[in-house]
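In: fold the stuff below for me.
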Amino acid sequence: MLYKIRVHSCHSWFFLFAWFAVNLPAQDINFSLTPNTVRPGEPITLVIDKPYPEYRAKLLDVSGRTVASVPFFALKDGKRIAACIAIPASWKDARGRIRVEPAIPGLGDLGFSVQPRTFESEVIPLDEENTAIRSEETAEKTAQSKTLNDLLNSRGNTVYTYEAFKAPLTSTRRTSQYGEQRVFVYTDGRKAPAVHAGVDYGVPKGTGVFASAAGRVRMAVFRINTGNSVVIEHLPGLYSCYYHLDSMDVQEGDEVKQGQRIGLSGATGLATGPHLHWEIRLNGENADPDAFTKQPLLP
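Out: Numbers count the residues shown, from 1 in each chain. Got it, this is the predicted structure:
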C-alpha cells in the first residue's frame, strides 16, 4: 500500500537562542509497507522514496521490544530506499510495528497485523553416521558454522532481482515443511530438539536444482552438516541456500539467472535419504521460502 505524508516546517521562538535555525521546506514522503498482514516466518518490506542515508528499520513487538533492526539499502533508481525484515517463526503477537531511526519528521511507527500460525512436528531417528555428524563437535564443524553464519549475517550493496522467487525444482513432493518442530533421536537414545529452517523436497539423486532468483553465488563448498552447499545472494541481506547436493554446477563469484541449473540433488552431509533442502535467510533470520514465491519482496 502506498502512503503519502505532507510534512511542514515549524517555527518556535525557542530557536532564536540556538546557534542557527533550520527551516525545513514542505516536502512529500511517499512510502509503502507491504504486505500489511503477514504470518510468522514471512517478510515485510518498507520502501521510502527519499534517499535517507544510514537509516534503520526496527521491528517492535506489542510491548515495544526491539526484535530486529536492519539497515535500509538503495534501490536501483537511486531515489528510494528499502528495508526487508523477516517476522520470526516464534512470533506470537497479533500485531507488530516498524519504526524508522533516526526519526523522519511526520513518519511515525507503522503498524501491521500478524496472523496466527502453527507448525508441524516430526520425530527423526538417526543412524550411527548421522548421529555422529549432528552430535560430535569438531574444530572443522565449528569453523564451517562460523563461516556460514558470518555470510548469512552480512550484507552486500547490490540489488540483483525485483522478481518473485520460483521453486528450485519442478517436483512438488515435500518431505518436510518450513518451521517444523523436530526431535532428532540419536542411536544412544538421547533426543535433540530443532526447528526446520527451510523446505525439504524428496527427489531422487541427480534431480536438477535451479536458482530460485537471479543473484551471485557467495558459497559453493562441501560442509559436514549440509554436504555440497550453494548459497546465492539476491539482495543486501537476502540469501537462498541449497543443501545436500550430489554435485554443484557453479562456483563462488558466479552470477546466475533465475532458473539456471546450479547442481544436482543428493544425500551428502546429514541426510536420511536423497533430497534438497531449500532455505531462505533474510538479515540472518530464517524465513518461509514459500512467501517469496507469492509476490516480489520489492514492490
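In: please list all residues in contact with R117.
Out: Applying Cβ atoms under 8 Å, 6 or more residues apart in numbering to R117 gives the contacts 39-41, 179. Glycine gets a C-beta too; all of them are placed from N, C-alpha and C.
In: swap that for S171, please
Out: Shown here is S171, whose contacts under the criterion Cβ under 8 Å, 6+ apart are 201, 203, 207.
In: redo those as TSV? Include pLDDT.
Out: Formatted as TSV, the contacts of S171 follow (pLDDT from 0 to 100):
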residue	pLDDT
Y201	97
V203	97
T207	98
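In: which of the residues in the longest strand belonging to the chain are buried?
Out: Ranked by residue count under DSSP state E, the longest strand found in the chain is strand 238-248. Of the residues in strand 238-248, those with enough neighbours to count as buried (16 or more other Cβ atoms under 10 Å) are 238-246, 248.
In: same thing with stretch 149-162?
Out: Of the residues in stretch 149-162, those buried by neighbour count under the rule 16+ other Cβ under 10 Å are 151-152, 156, 159-161.
In: out of the residues you listed, who's nearest F31?
Out: V159 (18.0 Å; Cβ to Cβ).
In: so how many other residues sit close to F165?
Out: 24 (other Cβ atoms under 10 Å).
In: which SS state does it fall under?
Out: Recorded secondary structure, F165: coil (DSSP: H, G, I helix; E, B strand; the rest coil).
In: check the gap between it and L235 for me.
Out: 11 Å (Cβ to Cβ, to the nearest Å).
In: ranges for the strands of the stretch 51-200 of the chain?
Out: 56-60, 66-71, 73-74, 81-86, 95-101, 110-114, 121-125, 174-176, 181-185, 191-195, 198-201 (DSSP state E, counting those that start in this stretch).
In: distance to K141 added to those strands, as CSV?
Out: Shown next, in CSV, are those (distance: least, Cβ to Cβ, whole Å):
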stretch, distance to K141
strand 56-60, 31
strand 66-71, 27
strand 73-74, 32
strand 81-86, 26
strand 95-101, 35
strand 110-114, 35
strand 121-125, 19
strand 174-176, 22
strand 181-185, 16
strand 191-195, 15
strand 198-201, 19
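In: so which of those strands is nearest T138?
Out: Smallest distance to T138 across the strands of the stretch 51-200 of the chain (Cβ to Cβ): 16.9 Å, for strand 191-195.
In: at which residues are the helices of the stretch 151-299 of the chain located?
Out: Counting by DSSP state H, counting those that start in this stretch, the stretch 151-299 of the chain forms helices over residues 289-294, given from the N-terminal end onward.
In: same question but for the stretch 1-150 of the chain, I mixed them up
Out: With DSSP H, counting those that start in this stretch as the definition, the stretch 1-150 of the chain shows helices at residue ranges 128-135, 139-152.
In: for L264, what are its contacts?
Out: Under the criterion of Cβ under 8 Å, 6+ apart, the contact list for L264 reads 205-209, 245-247, 249.
In: A139: which of those residues is nearest?
Out: Proximity of the contacts of L264 to A139 (Cβ to Cβ) peaks at L245, which lies at 24.3 Å.
In: the closest one pairs with what?
Out: Bridge pairing for L245 (DSSP bridges) gives the partners N228, S265.
In: low-confidence stretches in this structure?
Out: Within the chain, the set of residues satisfying pLDDT under 70 comprises 1-28, 53.
In: mind doing that once more with 50?
Out: Within the chain, the stretches falling below the threshold (pLDDT under 50) are 1-26.
In: outline the domain layout of it.
Out: With domains defined by automatic domain parsing, the chain comprises 2-114, 121-294.
In: which of the ones you listed sits most buried?
Out: Scoring the domains of the chain by mean neighbour count under mean count of other Cβ atoms under 10 Å gives domain 121-294 as the most buried, with a mean of 18.
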